Every structure is written in structure tokens, then in C-alpha cells.
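Asks: any chance you can model this:
(2 chains)
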There are 2 protein chains.
Amino acid sequence: MAGPLRLGVAGLGTVGSAVLRLLEQNGALVAERAGRELRVVAVSARNRQRERGVALGGLRWYDDPQALAADPEIDLVVELIGGADGPALALCQAALAAGKPVVTANKALLAHHGAELASLAERAGTTIGFEAAVAGGIPIVKTLREGLAGNRIGRVYGILNGTCNYILTTMRETGREFEVVLQEAQQLGYAEADPSFDIDGIDTAHKLSLLAALAFGCPPDFAGVYTEGIRHVSPLDIAFASEMGYRIKLLGVARLTEHGLEQRVHPSMVRFGAPISQVEGVFNAVVAEGDQVDTTLYAGRGAGGGPTASAVVADLADIARGLRLPVFGVMSARLTPHPPAPMDRHYGAYYFRLMVVDKPGVMADVAACLRDHEVSIEALIQRARNPGEPVSIVLTTHETAEAQMTGALARIGALEAVLEPPRMIRIESL
Amino acid sequence: MAGPLRLGVAGLGTVGSAVLRLLEQNGALVAERAGRELRVVAVSARNRQRERGVALGGLRWYDDPQALAADPEIDLVVELIGGADGPALALCQAALAAGKPVVTANKALLAHHGAELASLAERAGTTIGFEAAVAGGIPIVKTLREGLAGNRIGRVYGILNGTCNYILTTMRETGREFEVVLQEAQQLGYAEADPSFDIDGIDTAHKLSLLAALAFGCPPDFAGVYTEGIRHVSPLDIAFASEMGYRIKLLGVARLTEHGLEQRVHPSMVRFGAPISQVEGVFNAVVAEGDQVDTTLYAGRGAGGGPTASAVVADLADIARGLRLPVFGVMSARLTPHPPAPMDRHYGAYYFRLMVVDKPGVMADVAACLRDHEVSIEALIQRARNPGEPVSIVLTTHETAEAQMTGALARIGALEAVLEPPRMIRIESL
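Replies: Predicted coordinates for the structure are as follows:
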């Protein structure tokens, strides 16, 4: 067996501590599989005193993470600091420039600087492992980069944020409002004190841009992701969705269309019965559609110490075995940017809900707006109430261009009998 | 880019033709990902005249597959002949002995000769890719060997045979008998003319022994798999299962217990709502439970040209990139045989169905047999009929040792009022 692979770990939060714990518990087993020992020799974190439940004795401690890159007795740097820029970026740049492979769980960093870092890694003859950056313990990076290497991918989509999926699942199960469930999720530790990264879809968009890079051979294009979060999803919409045979999920979807690369993150109606509709709570799932393999699904825990550490160690084992794959599956120079498909050109079915005054002629007006924009109605629910009281009307449409739908909804929203802005949720065809 | 990896393909049935077609269609893309061209230079098959929908012009043709191993202009042999012994085994041995990597879809071969071939490959400094041997296009071999390398696996199980899953799904949907649905599956090409390999669970057992080797670091032990097929599953049991909240699936399950390695293939009741219960028709799925990652699920098409070719090409791409992993994840010398856990020691819950004469005291007798063997009843359904007519009694038990259950059922089966041998189906705890 070769000598140990000597690791420097930057960041000892939940994930960093879990990596150390994993290597303590399963180190011998991992060494058999990797062909050599994975040995943590140095760490860097902000607070030396904090109790982390792992033994740090015998490890070199650096206050400055950059020192890990410079230490000649470190072969590989594990970056678990987080953040799209700042110390995480500086550390990765320094490690790669020194020819050391980097393993990271940092989706924000790679969504913003992935192409540049991949190119830097290649020039230095090394690589970046980022299995832990997408969908936690599910080995989806490896699957897209290696397991499905024979396929032209048509679409890749997934539930990539456990916080949002937990909130949407709980809203459905309890009928409670978004704000109430969010607070509860915060108390349970499923949502951050500042939850906007998760609930506004930014975290999902980071991850989606990495999946799209792997699937479509392009540099990650975070700026090209259309992003809409879950704040506006109401228990009423969730109940109507159930009634119509759908679940509402925050999906990230990427596909190549004739208009370019479509990357979008938004609440989606998915047909109940489609496997991904059954992925509930904090679980994540990714579906990859290949021209050879057809539809494949991968599900598991998307966050937490154990699952994320599992992904980090999978990357470490690959590198210990000598694997040096191009970061995004093909050499940097061959990554081809695709033009972003404008959201206006998105083609799909839609759900929308109106709150209207219940008086003669309202439905005729709504139907006329849809007809004028060539939107055709698939199903309709109108709840009977007392005459004169506001009533909910819910419609689903056949597939149409988003521009048509937007046009129709603008006109519908302006009708006198329509009391609130229409709520629209896209239906994903699965 | 390095020079082409020159391939010799033995066997041009559905899968072999699909591999050639994939490389025709996606060759340039695959070359980008693999870092070099995958070029088929020679083939071998029985019938030179057969129309296969792929161009064979320019390829060397060998009537004897062994010639592929000997041809100095072939770098790698793709074995798609099939069969546990005979020409497939001889070809693999010859190729490995010549230092050439082998990629195969042949589960029977590896279930029977995996350890010996792995050791041969190692001695020759090469490897065997067998992603296509288990669960078709789902990259489950890679996932267990690499993606979950940080985990101690507790249990791995799956729906590994699309024919059986199709039959069980269709029986449930139509209420028809096994024999009728089997015939239909044969007409549709979902079942072989001689279906016993599939429906008697042998194919599943082959695959399970490979999953267990990867998960538990042991040589494949096909002889140690307890195997029971689906011939005896009746529409009545399927209906009762649905009523009690279960689906019946043919599962292969492997786990390490205090009594050794449990490997079993049999119809299993799985709680409706468990993700694997929703895997229907010809789809396959595998669940791997790791100490770090918790429960992960992988689903997709388990057979067919495209999905299987996808898996073959994933292995080819790995080898083209220079990857030479130990066949079963750790070096042959470190594969540790585990003693097979006797089925008597299996511990789990059970479903069983009795056909009894409806007269006073029957239930008391049944309950007494269970009590005497310390089996405790979880639920019971008895259908009311006219007095004196035979009636179905269905019971589920709490967890108990199989030996207790077998003892109780032997006594119950011998009761005068019990008209047929009891039908027993194990409940898998998910």
C-alpha cells in the first residue's frame, strides 16, 4: 500500500467535524478501498477552543487557512469554509497553484468561479472534487461525470434544497402558512437564521449550475439561472395541487432547448406518481434523462454532517487512487458556453389561481384573455360560494410559451372582477 | 488527446449492437469525456449475416471470440456473450492473461468466477468493468465501489429483475394469475422463452452476490444466496398485501448480521410509501444504507440495449481515462469471505395466508400454534363467508426468528381445518 495521503482541512463546522469523525471511525476500511491511508495532518478554523466531538491532538493547527496550501507536508486541501469569495476562494487558488488537489463542499464558490478554478487545476495537473457540493451524500457528480458518460443528457432536474422541501412537505401535511412553518424549521435547525439563501432558491441555483455544467459540458453559468423561491407558495395552492393530482416542489431544472440552455429554479407542480413527487422532507433527489439510459433517479439526504462527509471522503478516495478527472467532465478548453434560453421562450403547462368577485361574466372574460393569447385550458376548478362573495378559480393549461401565459395573466390581473394578482406555478412535464 | 482505445466486442445481440450504435451516435462526445476515442476495431458473433442495424464494415470479424484476446491491435475486450462458463469464461481468462482489461455485462460469470477473475486481473495489472451486470443503466457498481467509499454499508437491497417486477406489477393492476401474465410478458419480449432464470430468482441472486461483494468486501458468494422466485405469488396475496398497505416485490437483500452475511432473494412485502414500493414495471432500483450517508436510492431501467450499453460505455470511459480499480473495490487478497447466515436465523416480520374450514375453534388453534412458537400477531384479516365454506385468514406477525415461524407454520399446516399449505411471504422492514 502506498504512503498516506496527507490532508489539510479548512473549516471545522458540522461538515469538517464529520469528515474527521468519519476518518476516525472508518479509516481502516476507507484505506483498503482507497489503496492508501487518508490522514488528516493539519486543520484550520476560527475558534480553537470550541468543542467539536473529535480529537484534534497531534494535528497541526493553522489560524490562517492559506497556510494549509503552503505546508509542504500537506498533499491535498479540503475546503469547508464556505462562501463564494474571500478565504475559501483564496485557499483554493493557492492550493491549486501549488499543484495540490482540492476537495470542497462549496457550491457558491464553484457556481461563481468554477470555470476559472477548473482551468487553474488543469494547468497545475491536479483537480477539484466537489461531490459534496450538490445533493449531499448522493453521488450525483460522479454519476453525471462518469456513470452516464455514454449519454447525451436531455434534461437534469432535482430537489436540491432540503430546507425548502421540508417546508413544502410540512405545509402540505399541516395546512399551515409558509411563515409559520419556516419558523418551526428554524427552531428545528432545518433552516438558517437568515434563510434567504435557501428559500429564495439561490442555493438550488448554485447547485443547478454545477449539474448543468456536468450534463451539458459548459462552464457553470449561475448568472443564467432563472430563480424564484418558495415564499409565495400558499397552503391554498398546495391544497389545489393535491386535488388536481400534483405535489408542489422547488425544482432546479436544466435542459438544452432550441433557444439555448434553460436553467430555472422555481416551485413546480409535479404529477403525483412521478417518483420525484414522493421525495419528502429533508430528502433530495436528482433525475437525469439520457438518450441511452432513459430516466434515472438518485435520492438521499442532501445535507447534514454524515452525508456530506460521505461525499467528501468519496472524492478523497478517488484522488488517493490517483484519479485526476477534468473538474466538469471534459477539459476546460472544451467547455462550451451555451446561450441562456430566455424564460419567455420556456414552453410548458401552467397552473394559476385567481381570487374573483363571483358575478356573471367573469369566467367569460378570463376565457377570452386566454383565447386571445392562444392559451388552452386543460382543467378548471371553481368553488361555489354565496353570490357576491370572493371565490377561487383555479386553472391548468395545456403547454404554451411562457410569453403567451405572461401576456394572458397580465390582462387577467387587470380585470375589474379579479381581486388579487394571479398566482402562477409552472407544471413540470415528467 | 491520447490515441484511440481499440476495442474488440464479443457478442452482437441486443446489447452488443447497442454498444456499437451508442459509439456511432455519441462517439465524439464520449471521446471528449474519456479523453480519447473509443474505437471498435473487431467483433465476434455467431451469425455474420444477421441484420443488426449497425455498420460492421471496416471491422475485423472473428468467428472465434478467443481471437479477440490474441489480436495485438485490440487493447480491451468487451464480453457480451453471456453464460457462466464456456466461451465467455475462456475469453475473459485469455484477455486478462494477456493484460487486457475486460468489460462485461455477464452477472452469471462473475457470480460464479468473480473472485478468481478479479485475482487474475490484478496479477496482470488490469481490471474488469461490470457496471452493466447489475441493474442495467443505473451506475450502482460505481456508486458502491466509489461513491459510498466512506461508508460502512449495513444493508443493500433492490429490485434487480425487470421481468419479475413487470409480472408482479401487472398482476396487481389486472388481478390476473401468474401464468397468464407470464405468457403476456413473453409475447411482449419482457420474458424469455425459458423464463426460469428470471422468475425463479436466479438472475436476481447473481446480481445480489455482486452487490454484496462490493458492499461488504467479500468474494461473490452465489452459493450462499437463499433463493425463492415468484411462481407461487397469487393475485389473492397481492390483493391482501394492498389492503394491508404493502406491495409485493421480488427483492434481493444482503446485510451483515451477527450470524454472518445474509443474502436472500424472495418475494417481499414492502410498505407502500417506502420509495422502492413505487418502482413499477420493468424498472429496477437499489437502496444502499450507509452508516454516514443513511438511506440512498438509485432507480432506472434495468435492462434493454440502451441502458445496458450506457453502463458498458461508462466502464470503457473509466478505463480509457486510465482508471484501474480493484474489481470488487478492494484488492483480491483483502476480500474476506463472510460465513453465510443460515436462513433459520433470519429475523423479521411475516405475512401468511391460510385457507380454512370456517368452524368454531379454528382461530384458537392457529393462535395457540403461534403462541407456542412465541410468534406474536400484528394484524389479522378474516373474511366472513357462509358457515361451513372455506375462508381465507391472513395474518401479519411482529418480528421473530424464521425458525419460530417455520415451526409455527408446520403445526398450523397440519391442523385438520387448514385446507392448503399456508402461504408465507416475508415482510421487509424499510
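Asks: pLDDT below threshold where in chain A?
Replies: A:1 (pLDDT under 70).
Asks: could you rerun that using 80?
Replies: A:1, A:384-388 (pLDDT under 80).
Asks: so it: which segments form each domain?
Replies: Domain assignment of chain A by automatic domain parsing yields the ranges A:5-133, A:147-301, A:344-427.
Asks: gap between the two ends of the shortest one?
Replies: When the termini of domain A:344-427 are compared using CA to CA, to the nearest Å, they are 15 Å apart.
Asks: now render the domains of chain A as TSV, adding mean neighbour count and distance to chain B.
Replies: Where you see a C-beta, it was placed from the backbone N, CA and C, and this is true even at glycine. Shown next, in TSV, are the domains of chain A (neighbours: other CB atoms under 10 Å in any protein chain shown; distance: least, CB to the nearest CB, whole Å):
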stretch	mean neighbour count	distance to chain B
domain A:5-133	20	5
domain A:147-301	21	3
domain A:344-427	16	20
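Asks: any chance of those in CSV, plus distance to B:Arg33?
Replies: Shown next, in CSV, are those (distance: least, CB to CB, whole Å):
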stretch, distance to B:Arg33
domain A:5-133, 14
domain A:147-301, 5
domain A:344-427, 28
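Asks: quick one, strands of the stretch 301-430 of chain A?
Replies: With DSSP state E, counting those that start in this stretch as the criterion, the stretch 301-430 of chain A has strands at A:347-357, A:377-382, A:390-397, A:400-401, A:423-427.
Asks: so which elements touch the third one?
Replies: It stands for strand A:390-397. Applying 3 or more CB pairs under 8 Å, 6 or more residues apart in numbering or on different chains; DSSP states H and E, we find strand A:390-397 packed against helix A:235-243, strand A:347-357, helix A:362-372, strand A:377-382.
Asks: same question for the shortest one.
Replies: When contacts are defined as 3+ CB pairs under 8 Å, 6+ apart, strand A:400-401 packs onto strand A:347-357.
Asks: centre of the chain to the strand it packs on, how far?
Replies: On the basis of CA atoms, centre = their mean, to the nearest Å, strand A:347-357 sits 26 Å off its chain's mean C-alpha point.
Asks: next: stretch A:10-26.
Replies: Per CA atoms, centre = their mean, the centroid offset for stretch A:10-26 relative to its chain is 23 Å.
Asks: show me which helix runs longest in chain A.
Replies: Assignment by DSSP state H gives helix A:14-34 as the longest helix of chain A.
Asks: just the CA coordinates for that helix, please, in PDB.
Replies: Listed next in PDB are the C-alpha coordinates belonging to helix A:14-34 (Å, rounded to 0.1, in the frame of the first residue of the first chain):
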ATOM      1  CA  THR A  14     -20.700  20.400  11.100                       C
ATOM      2  CA  VAL A  15     -19.100  19.000   7.900                       C
ATOM      3  CA  GLY A  16     -15.500  19.400   8.800                       C
ATOM      4  CA  SER A  17     -16.000  17.700  12.200                       C
ATOM      5  CA  ALA A  18     -18.000  15.000  10.400                       C
ATOM      6  CA  VAL A  19     -15.100  14.300   8.000                       C
ATOM      7  CA  LEU A  20     -12.700  13.900  10.900                       C
ATOM      8  CA  ARG A  21     -15.100  11.700  12.700                       C
ATOM      9  CA  LEU A  22     -15.700   9.500   9.600                       C
ATOM     10  CA  LEU A  23     -12.000   9.000   9.100                       C
ATOM     11  CA  GLU A  24     -11.600   8.100  12.800                       C
ATOM     12  CA  GLN A  25     -14.400   5.600  12.600                       C
ATOM     13  CA  ASN A  26     -14.000   4.100   9.100                       C
ATOM     14  CA  GLY A  27     -10.400   5.000   8.400                       C
ATOM     15  CA  ALA A  28      -9.100   1.400   8.000                       C
ATOM     16  CA  LEU A  29     -12.000   0.500   5.700                       C
ATOM     17  CA  VAL A  30     -11.500   3.600   3.600                       C
ATOM     18  CA  ALA A  31      -7.800   2.900   3.400                       C
ATOM     19  CA  GLU A  32      -8.500  -0.600   2.000                       C
ATOM     20  CA  ARG A  33     -10.800   0.900  -0.600                       C
ATOM     21  CA  ALA A  34      -8.600   3.900  -1.500                       C
END
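Asks: out of the strands of the stretch 301-430 of chain A, which is closest to A:Arg52?
Replies: Set against A:Arg52 and scored by CB to CB, the strands of the stretch 301-430 of chain A come closest in strand A:423-427, at 42.2 Å.
Asks: residues in contact with the closest one?
Replies: If you take CB atoms under 8 Å, 6 or more residues apart in numbering or on different chains as the criterion, strand A:423-427 is touched by A:232-234, A:237, A:241, A:246, A:248, A:266-270, A:346, A:348-353, A:396, A:405, A:409.
Asks: please compute how far that strand lies from its chain's middle.
Replies: 20 Å.
Asks: same check, this time on stretch A:141-148
Replies: 16 Å.
Asks: list the buried residues for it?
Replies: For stretch A:141-148, burial by neighbour count (16 or more other CB atoms under 10 Å in any protein chain shown) applies to A:Val141, A:Lys142, A:Thr143, A:Leu144, A:Arg145, A:Glu146, A:Gly147, A:Leu148.
Asks: now do the contacts for A:Ala98.
Replies: A:Ala98 sits next to A:Ala69, A:Ala70, A:Ala124 when contact means CB under 8 Å, 6+ apart.
Asks: take those and lay them out in a markdown table including secondary structure and distance to A:Glu184.
Replies: Output for the contacts of A:Ala98, formatted as a markdown table (DSSP: H, G, I helix; E, B strand; the rest coil; distance: CB to CB, whole Å):
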| residue | secondary structure | distance to A:Glu184 |
| --- | --- | --- |
| A:Ala69 | helix | 41 |
| A:Ala70 | helix | 45 |
| A:Ala124 | coil | 47 |
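Asks: what's the closest of those residues to B:His373?
Replies: A:Ala69 (65.4 Å).
Asks: where's that closest one relative to A:Leu59, distance?
Replies: 16 Å (CB to CB, to the nearest Å).
Asks: elements contacting the strand or helix carrying A:Leu168?
Replies: For A:Leu168, the host element (DSSP states H and E) is helix A:162-174. Helices and strands touching helix A:162-174, by 3+ CB pairs under 8 Å, 6+ apart, are helix A:178-187, helix A:196-199, helix A:235-243, strand A:246-257, strand A:283-290.
Asks: hmm, who's touching the last one?
Replies: Strand A:283-290 is contacted by residues A:134-136, A:138, A:140, A:143-144, A:148, A:150-162, A:165, A:211, A:215, A:275-276, A:279, A:295-303, A:430, B:137, B:310 when judged by CB under 8 Å, 6+ apart.
Asks: keep only those of the residues you listed that are in helices.
Replies: A:Ile140, A:Gly162, A:Asn165, A:Leu211, A:Ala215, B:Ser310.
Asks: would you convert those into CSV that also reports distance to A:Asp358?
Replies: CSV is the format used below for these (distance: CB to CB, whole Å):
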residue, distance to A:Asp358
A:Ile140, 48
A:Gly162, 41
A:Asn165, 36
A:Leu211, 45
A:Ala215, 47
B:Ser310, 55
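Asks: which single one of those is nearest to A:Arg321?
Replies: Among those, and counting by CB to CB, the member closest to A:Arg321 is A:Ile140, at 19.9 Å.
Asks: can you tell me how far that closest one sits from A:Gly154?
Replies: 16 Å.
Asks: ok, and what's touching stretch A:394-410?
Replies: A:240, A:244, A:343-354, A:366, A:369-370, A:372-382, A:422, A:424, A:427, A:429.
Asks: can I get that stretch as PDB, trimmed to CA atoms?
Replies: C-alpha atoms of stretch A:394-410 as PDB (Å, rounded to 0.1, in the frame of the first residue of the first chain):
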ATOM      1  CA  VAL A 394     -58.000  27.500 -10.400                       C
ATOM      2  CA  LEU A 395     -57.000  26.600 -13.900                       C
ATOM      3  CA  THR A 396     -54.400  24.400 -15.500                       C
ATOM      4  CA  THR A 397     -53.400  25.000 -19.100                       C
ATOM      5  CA  HIS A 398     -52.000  22.800 -22.000                       C
ATOM      6  CA  GLU A 399     -48.400  23.500 -23.000                       C
ATOM      7  CA  THR A 400     -47.800  27.000 -24.200                       C
ATOM      8  CA  ALA A 401     -45.000  29.500 -24.400                       C
ATOM      9  CA  GLU A 402     -44.300  31.500 -21.200                       C
ATOM     10  CA  ALA A 403     -44.600  34.800 -23.100                       C
ATOM     11  CA  GLN A 404     -48.200  33.900 -24.000                       C
ATOM     12  CA  MET A 405     -49.000  32.900 -20.500                       C
ATOM     13  CA  THR A 406     -47.500  36.100 -19.100                       C
ATOM     14  CA  GLY A 407     -49.500  38.200 -21.500                       C
ATOM     15  CA  ALA A 408     -52.700  36.400 -20.700                       C
ATOM     16  CA  LEU A 409     -52.100  36.800 -16.900                       C
ATOM     17  CA  ALA A 410     -51.300  40.500 -17.200                       C
END
